[in-house]
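> With the input below, show me the fold.
(chains A and B)
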2 protein chains.
Amino acid sequence: MKGRVGIIGIGHGVFGRRSDATVQELAFEAFRSALQDAGIERDAVDASVIGSVPEYHKQRSLAGVVQEYLGLNPKPTWLTEVACASGSAAMRTAWMSIKAGVHDVVAVIGCQKMTELSTPEILALMGRVGEVQWESVFGTTFPAYYALFAKRHMHEFGTTREQLIEVAVKNHYYGARNPYALFRKEITLEKALVSEEVATPLQVYDCCANADGAACVILASEERARALSSNTVWLDGMGSATASMSVLRRPNLTGLPSAEAAAAEAYRMAGISAADVKVADVHDCFTIAEIMAYEDLSFCAKGEGGPFIADRQTYIGGKVAVNVDGGLKAKGHPIGATGVSMTCEIAKQLRGEAGERQVPDADVGLTHNVGGIGQYCFVQILRRD
Amino acid sequence: MKGRVGIIGIGHGVFGRRSDATVQELAFEAFRSALQDAGIERDAVDASVIGSVPEYHKQRSLAGVVQEYLGLNPKPTWLTEVACASGSAAMRTAWMSIKAGVHDVVAVIGCQKMTELSTPEILALMGRVGEVQWESVFGTTFPAYYALFAKRHMHEFGTTREQLIEVAVKNHYYGARNPYALFRKEITLEKALVSEEVATPLQVYDCCANADGAACVILASEERARALSSNTVWLDGMGSATASMSVLRRPNLTGLPSAEAAAAEAYRMAGISAADVKVADVHDCFTIAEIMAYEDLSFCAKGEGGPFIADRQTYIGGKVAVNVDGGLKAKGHPIGATGVSMTCEIAKQLRGEAGERQVPDADVGLTHNVGGIGQYCFVQILRRD
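The predicted structure follows:
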């Protein structure tokens, strides 16, 4: 493969109920901020890639609207959709376009409004991400799927309710310190354990929340990155894998085979192992998802994810700092934006610009983003020179 | 850029009301046929890319369902959406993935069911491809937009109703000879001119029809293509460009600036000019669209598209054979599949396998696919050795 691909700019808007902005305005906010961060003009951008799940917006074919609103016509654009990992597929195709020598500088924009449709409309759409023909007809909503994972993990490994909720406590702790987060308040274990049940054993505080939001990353070829920036973070490992839609056709319900495969590919490509990772953003759509991610990414051994969080190994100062931007749990989950938001956070950490949330000596970082119920997973390894 | 990317296999299902098959079954039908055509096993495929517009399906996040149904887990997949050009964006990102050296063999699958939703639901979705905030609220449906183009073209260049309908007559003539086409019957000018009005001056026979369908192309790196196939068609030029969503912000209403820009890039990359193209598939969603395509692609001079079809210059034996598979008009338009279907047809022509529709001495071919009302355009140049 050709030279490296670098991140030369990052931009991030506030996640939450953004009734102040259309989806293209959210995209512009992140894009402008990323251009400023990169210190480049819009004309330097050769193409854009939009990560978004189209059906949550009233506007159809979003990429065209965003492209015009950013002032990027007549340059190329395309939109990628792989459910909640849509922003990561945008990252991956943009990275490929640069490695191919087709483009030199590409803006990757993850953007999503989740509040244009009514709650019943959203629930109907979300329910249909599970396999419509054989599974979702039986009520396998997202919380129900992850409740299956949680129950099985508890049964096989003795993972406890308290350990699950410790993930939420950590992520709210850091979310309270992230100006872009939806929930900027800490929670206690005691309070979370008495919150409303969603799908046994998951309660309200085990679940992330929908949000509107956008994030942008400017990627450049190695040559252009070295010319334009002295602050480049490199995308040195890119793993992507899939698993069956139907969880019944998976080898087990205690992890995601797509995550294991994507992590293996990313580690191999970057020439590192899990022990080298200092900071990671992982897909904690539910607390059990973060615990499975620890194991799928080999941050700890299989089945030890529960004690790993209970021992605070994923706080800053532990073995590997995970979701110290609040994660999906506290930051909010504008689905198309999430993969790009994760990339922004890890790039910021590697640049040493994360303020009170800064992980010391962060030189290697990782993002782990899941689409659907694990039918897709994308793992990125980021590194500073 | 690295070596060439070759088409080593093509597969195509029948377009029409496919109540016999789910969308993943349509995808499988095309994929299996492409594997057989390439003479390779499924295991040789490194990744798939799905071109589709998600919101027409009841199943959400289609790529995962298709990937599992094709038996391609745990390999990567992603879906691209750029309205009616979604299949072409899939082609483009697959091409990039190979040029980048990330994948060696990629299956590109365009697939779409347009008959799962009710007609009112479909009309509502289609209406929202135009700019929702400022234009579609005034009733600018697809036929209305293309009626604006037609009116202006008639006004500025003297293009006639008869010339427009001649496009439909040609495409039905060839569609009648394509076993995969939705409409396999010829029409007469006289009959078409008395058909029902849709949006003045466009009548029923000026409009293409929605259809279910799928098509598949197997792409390979130059090295793998030479090892696997003696029949490779090369993707030597790939142009992609955008134009404003709002037609009011375009320089004129008689052509698509995105098509002109995409064609210029594709010709330049392939090192050819329009005069070298022997056979082309262009986006004739409405008859006026094909006439504008002749001009945007420089097959004829600006304003001369009407006489160009009236003189039968785009029949086999004319200057350049256009849509001799029936085009969107007679073949049907399963929107995500169309760009891949076009690629199949031109590859088949360059391989000399188009039977009674064969264009003599076809060595260079072109596809031109438009998304929305021209907010995206993708042009490909195909060549045989």
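> Out of the helices and strands in chain A, which is least certain?
When each helix and strand of chain A is scored by mean pLDDT, DSSP states H and E, helix A:119-127 comes last, with a mean of 87.
> How far off centre is that one?
21 Å (Cα atoms, centre = their mean, to the nearest Å).
> got it, and stretch A:168-180?
15 Å.
> buried residues in it?
By 16 or more other Cβ atoms under 10 Å in any protein chain shown, the buried positions in stretch A:168-180 come out as A:168-175, A:177-178, A:180. Using the backbone N, CA and C atoms, a C-beta is placed for each residue, glycine as well.
> just the residues you listed now: which is nearest A:Val364?
A:Tyr174 (19.4 Å; Cβ to Cβ).
> what's that closest one in contact with, if anything?
With contact taken as Cβ atoms under 8 Å, 6 or more residues apart in numbering or on different chains, A:Tyr174 is in contact with A:323-327, A:330, A:357.
> Then A:Arg60?
Shown in contact with A:Arg60 (Cβ under 8 Å, 6+ apart): A:54, B:55, B:83, B:125-126, B:128-129, B:132.
> the helices in chain A, which residues?
A:23-38, A:62-69, A:86-99, A:119-127, A:142-157, A:161-175, A:189-193, A:222-228, A:257-270, A:287-296, A:305-310, A:327-331, A:335-350 (DSSP state H).
> Kindly compare burial across those helices and name the winner.
helix A:327-331 (a mean of 32; mean count of other Cβ atoms under 10 Å in any protein chain shown).
> Not counting that helix itself, show me its contacts.
With contact meaning Cβ under 8 Å, 6+ apart, helix A:327-331 is reached by A:15, A:167-168, A:171-172, A:174-176, A:178, A:180-184, A:207-208, A:211, A:281-285, A:287, A:290, A:323, A:325, A:338, A:341.
> pLDDT averaged over it, what's the number?
Average pLDDT, helix A:327-331: 98.
> Spit out the contact partners of the residue in chain A sticking out farthest from the centre.
In chain A, the residue that sits farthest from the middle, by Cα atoms, centre = their mean, is A:Pro74; the gap is 29.5 Å. By Cβ under 8 Å, 6+ apart, the residues touching A:Pro74 are B:241-243, B:257-258, B:261.
> Please repeat the previous calculation with a cut-off of 6 Å.
By Cβ atoms under 6 Å, 6 or more residues apart in numbering or on different chains, the contact set of A:Pro74 is B:241-242, B:261.
> Intersect the residues you listed with the contacts of chain A.
By Cβ under 6 Å from any Cβ of the partner chain, the members of the contacts of A:Pro74 lying near chain A are B:241-242, B:261.
> For those residues, could you give me CSV that also reports pLDDT?
Formatted as CSV, the ones next to chain A among the contacts of A:Pro74 follow (pLDDT from 0 to 100):
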residue, pLDDT
B:Ala241, 98
B:Thr242, 98
B:Ala261, 98
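> picking up where we left off before, of the contacts of A:Tyr174, which belong to strands?
Judged by DSSP state E, strands contain none of the contacts of A:Tyr174.
> what's the closest of the residues you listed to A:Ile373?
A:Gly327 (17.8 Å).
> before we move on, back to that, what about the contacts of A:Arg60, which one has the most neighbours?
Using other Cβ atoms under 10 Å in any protein chain shown as the neighbour test, those are led by B:Val129, with 26 neighbours.
> So the residue lying closest to it once chain neighbours are set aside versus B:Pro120, what's the distance?
Spatial nearest neighbour of B:Val129, excluding adjacent residues (Cβ to Cβ, 6 or more residues apart in numbering or on different chains): A:Arg60 at 4.4 Å. Distance, A:Arg60 to B:Pro120, using Cβ to Cβ, to the nearest Å: 15 Å.
> Kindly report the same for A:Glu222.
For A:Glu222, the distance to B:Pro120 - Cβ to Cβ - is 52 Å.
> residues contacting A:Ala181?
By Cβ under 6 Å, 6+ apart, the neighbours of A:Ala181 are A:175, A:326, A:330-331.
> Perfect, I'm done here.
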